[in-house]
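predicted model follows, preceded by the sequence.
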There are 2 protein chains.
Amino acid sequence: MPDALTFEDFPPGEVVEYGGLDVSADDVVAFAREFDPQPFHVDEEAARAATGGLIASGWHTSALLLRMNCDAFLMRAAILDEAGMEEVRWMLPVRPGDRLHARRLTLAARPRDGRTDEGEVEFLYELVNQDGLVAMTQRSLLVVKCRGEAGAD
Amino acid sequence: MPDALTFEDFPPGEVVEYGGLDVSADDVVAFAREFDPQPFHVDEEAARAATGGLIASGWHTSALLLRMNCDAFLMRAAILDEAGMEEVRWMLPVRPGDRLHARRLTLAARPRDGRTDEGEVEFLYELVNQDGLVAMTQRSLLVVKCRGEAGAD
């Protein structure tokens, strides 16, 4: 992995915007049928009565953010661990026809337990819709190799 | 929704176990190809070298828990809002061949802002594997109607 992104590539305070995908009714319904078959996620009529139209499962929107993260940097990063997520907030409905992109703020970056070969990076992710409104946020901690260590195993 | 589950159906301290599903390699790869195409989620060979075999995307395991929650109670609950998740922890790998079930502990239940028609219920979810080990946990807050209010709109 010669060009892997390492700890040094994620400086605190950095803001990066990336991604761009269109939410389709088919995708919303397909995800929800499999994982979250509540009426307002799978049934156009029921959704219109209850919430003004189909809305994507919150977990679907999280998965869409994940995909944009993979494409933008996760696939190239020298990741050792991603142990979980904090503060997943679904603030606005995501609907078919929405266009989403991601905004990533690096909240913190620190060596791990005083080690020089691994670091922890804390991100705040925002999922932004076509109106510039933030539909969801989540915070995550990634453990990544430091430069010179990436590709060492 | 005459038999909807309401605030009163989720007493603090209650522990409920439910669900039961088998994780398949096809499902692991299908989810990951769409949302999380890192090699150890989609490529059997790469996964064997890196992590001893395919592991499910953490977001896939969260989605499997969601499905068990829907089937066990979410579809019948008088939910007003589920605004997010706290402390999503992926502690152990979930692999093809694993059999998972859910354990739900009600951490707290309180009227919302002093209202008598809505309450907040806080759950800790555990996803338990065939060895009785907890592979992931997450904490969530649900806003539900109180009895007598369910079905009122």
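Okay, I see it. All of these numbers come straight from a predicted model, not from anything done at the bench.

show me the shaky parts of chain A.
Screening chain A residue by residue with the criterion pLDDT under 70, one finds the ranges A:1-2, A:149-153.

if you set the cut-off to 90 instead, what comes out?
Low-confidence regions of chain A, defined by pLDDT under 90, span residues A:1-3, A:46-47, A:49-52, A:79-84, A:112-116, A:148-153.

what residues does it have near chain B?
Taking Cβ under 8 Å from any Cβ of the partner chain as the measure of proximity, chain A contacts chain B at A:34-38, A:57-59, A:62-64, A:66-67, A:70, A:74-75, A:82-91. (Glycine included, C-beta is placed from N, CA and C.)

cross the residues you listed against helices and list the overlap.
Among the residues of chain A next to chain B, the residues falling in helices (DSSP state H) are A:E34, A:F35, A:G58, A:W59, A:S62, A:A63, A:L64, A:L66, A:R67, A:C70.

and the nearest residue to A:L92 once chain neighbours are set aside, how many neighbours does it have?
Closest residue in space to A:L92, ignoring its immediate chain neighbours: A:A135 at 4.3 Å, by Cβ to Cβ, 6 or more residues apart in numbering or on different chains. By other Cβ atoms under 10 Å in any protein chain shown, the residues close to A:A135 number 22.

how about the contacts made by A:A135?
Contacts for A:A135 (Cβ atoms under 8 Å, 6 or more residues apart in numbering or on different chains) come out as A:T61, A:W90, A:M91, A:L92, A:P93, A:V94, A:D98, A:L100, A:L127, A:V128, A:N129.

let's see that with 10 Å instead.
With contacts taken as Cβ atoms under 10 Å, 6 or more residues apart in numbering or on different chains, A:A135 has the following neighbours: A:56, A:58, A:61, A:65, A:89-95, A:98, A:100, A:126-129.

where do the strands sit along chain A?
With strands called from DSSP state E, chain A shows them at A:15-22, A:79-90, A:99-111, A:118-128, A:134-145.

centroid-nearest residue for chain A?
A:L65 (3.3 Å; Cα atoms, centre = their mean).

contact partners for that one?
Residues touching A:L65, when contacts are defined by Cβ under 10 Å, 6+ apart, comprise A:19, A:21, A:88, A:100-102, A:104, A:125-127, A:135-138, B:35, B:59.

closest to B:G119 among those residues?
Proximity of those to B:G119 was ranked by Cβ to Cβ; the top entry is A:V88 with 21.4 Å.

just list whatever residues bridge to the closest one.
B:M85 (DSSP bridges).
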